[in-house]
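Enquirer: Provide a 3D model corresponding to the input given below.
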Amino acid sequence: MEEGLERVPVGLSFANPHHRSGQNPFRRIFEHWQAFRSDGYLWWLVNEIAMDAFMVRARAAGAP
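Expert: Below is the predicted model:
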């Protein structure tokens with residue numbers, strides 16, 4: 001499974017020039033999706049830091 005996941009970015013790099021050429025309707029969606037994916041990790045960190053802080057407070061308060 002990991003091998004397949006490692007190939008996804010390679011496939012996207014081949015598809016990217018094709019979908020960006022001309023007036024392809026997929027171009028706008030792809031560019032927004034690409035920006036979302038690049039920001040996704042940062043938003044995941046925001047969520048994880050909040051959850052970690054909550055767990056530390058809960059453990060300090062004696063929650064199981």
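
Enquirer: Buried ones in the host helix or strand of Asp52, by neighbour count?
Expert: Under the criterion of DSSP states H and E, Asp52 resides in helix 26-60. Applying a neighbour-count criterion of 16 or more other CB atoms under 10 Å, one finds Phe30 buried in helix 26-60. Any C-beta I mention is one placed from the backbone N, CA and C, and that applies to glycine too.

Enquirer: For that helix, name the packing helices and strands.
Expert: helix 2-20 (3 or more CB pairs under 8 Å, 6 or more residues apart in numbering; DSSP states H and E).

Enquirer: Give me the below-cutoff pLDDT ranges for the protein.
Expert: The chain contains residues with pLDDT under 70 at 1-2, 4-5, 7-23, 63-64.

Enquirer: at 80 what do you get?
Expert: 1-28, 63-64 (pLDDT under 80).

Enquirer: For Ala58, list the residues it contacts.
Expert: Residues near Ala58 by CB atoms under 8 Å, 6 or more residues apart in numbering: none.

Enquirer: do you know how far it is from Met51?
Expert: Taking CB to CB, to the nearest Å as the measure, Ala58 falls 10 Å from Met51.

Enquirer: where do the contact lists of those two overlap?
Expert: The contact lists of Ala58 and Met51 share no entry, where a contact means CB under 8 Å, 6+ apart.

Enquirer: quick one, phi/psi of Ala61?
Expert: Dihedral pair for Ala61: phi -80, psi -10, per degrees, to the nearest 10.

Enquirer: so how many other residues sit close to it?
Expert: Neighbour count for Ala61, taken as other CB atoms under 10 Å: 7.

Enquirer: ok, it - contacts?
Expert: Applying CB under 8 Å, 6+ apart to Ala61 gives no contacts.
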